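**Q** take a look and give me a structure for this.
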Amino acid sequence: MPNLVNRLVLQELTDDFKEADGMLVVSFAGLTVKESEGLRNQMAQKGAKFRMVRNSLALRVLHERGLKLDGAHLTGNTAIAYGTSEAAVHAAKVLTSADVRKAGKVKVRAGVLEGTLLTAADAAAMADVPDRDTLNSRILGCISGPARGLAVVLSAVPSSLVRVLKARADKLEPAAGETPAA
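**A** Here you go, the predicted model:
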């Protein structure tokens with residue numbers, strides 16, 4: 001019976017991880033069910049899934065996928081957060097947030113982003129990556145910035161000339177209204 005269960009879990013993990021562009025391997029020693037559900041719900045808001053796995057089965061599935069994790073990454077209580085690249089970045093933000101770090105129950109051990117194996121430090125650094133909307137707005141600013149600067153420079157000369165002429169006209173109007181001295 002255990003072999004059948006292991007094969008079913010192995011197949012399910014293979015199907016889940018096949019579609020995942022990003023993953024975080026974490027240890028969660030001492031995490032209560034309520035805390036685990038809270039983390040799972042926070043990650044699910046952006047499409048990331050959080051699953052506790054048996055180390056031997058996870059190692060096998062990841063090796064089949066071409067990721068050479070060693071046994072040090074998969075020891076003790078292990079969970080994997082996985083999903084699209086953007087979901088994995090969101091999961092990294094959740095798992096490295098101040099509240100989670102303060103509790104000290106969850107530690108990022110490794111990560112995978114678009115087929116590249118990441119160290120624990122690199123996986124935790126994914127939390128510093130801005131979300132897609134922020135990146136898009138920064139790119140748009142880089143593209144439109146030079147054009148905006150050119151438009152400002154080109155309009156500066158005529159507008160300066162107009163301001164000088166207007167100041168001169170304002171100065172001459174009171175003089176034109178004066179009566180000549182006889």
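
**Q** output the below-cut-off pLDDT ranges for this protein.
**A** Applying pLDDT under 70 to the chain flags residues 1-2, 71, 174-182.

**Q** so where do the strands sit in it?
**A** Ranges of strands in the chain, per DSSP state E, are 22-27, 49-53, 78-83, 107-113, 116-118.

**Q** now the longest one against strand 78-83, angle please.
**A** Right, the one you point to is strand 107-113. 40 degrees (axes from the mean of the first three to the mean of the last three Cα atoms, to 10 degrees).

**Q** strand 107-113 - contacts with which helices or strands?
**A** For strand 107-113, the packing partners by 3 or more Cβ pairs under 8 Å, 6 or more residues apart in numbering; DSSP states H and E come out as strand 22-27, helix 85-95, strand 116-118, helix 120-125. Where C-beta positions appear, they are placed from N, C-alpha and C, glycine not excepted.

**Q** do the second one as well
**A** Where contact means 3+ Cβ pairs under 8 Å, 6+ apart, strand 49-53 is packed against helix 2-18, helix 33-44, strand 78-83.

**Q** export the ones you listed to a markdown table and append columns for distance to Ala147 and mean neighbour count.
**A** As requested, the helices and strands packed on strand 49-53 are arranged in a markdown table below (distance: least, Cβ to Cβ, whole Å; neighbours: other Cβ atoms under 10 Å):
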| stretch | distance to Ala147 | mean neighbour count |
| --- | --- | --- |
| helix 2-18 | 44 | 13 |
| helix 33-44 | 39 | 15 |
| strand 78-83 | 37 | 24 |
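
**Q** can you put the ones you listed in a markdown table and add distance to Lys171?
**A** Formatted as a markdown table, the helices and strands packed on strand 49-53 follow (distance: least, Cβ to Cβ, whole Å):
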| stretch | distance to Lys171 |
| --- | --- |
| helix 2-18 | 78 |
| helix 33-44 | 66 |
| strand 78-83 | 69 |
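
**Q** how about stretch 150-160 as PDB, C-alpha atoms only?
**A** Provided in PDB are the C-alpha atoms of stretch 150-160 (Å, rounded to 0.1, in the frame of the first residue of the first chain):
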ATOM      1  CA  LEU A 150      13.700  66.900 -25.300                       C
ATOM      2  CA  ALA A 151      10.200  68.400 -25.400                       C
ATOM      3  CA  VAL A 152      11.000  70.500 -22.400                       C
ATOM      4  CA  VAL A 153      14.300  71.800 -23.800                       C
ATOM      5  CA  LEU A 154      12.700  72.600 -27.200                       C
ATOM      6  CA  SER A 155       9.800  74.500 -25.600                       C
ATOM      7  CA  ALA A 156      12.100  76.400 -23.300                       C
ATOM      8  CA  VAL A 157      13.500  78.800 -25.900                       C
ATOM      9  CA  PRO A 158      10.200  80.000 -27.400                       C
ATOM     10  CA  SER A 159       8.600  80.200 -23.900                       C
ATOM     11  CA  SER A 160      11.600  82.300 -22.600                       C
END
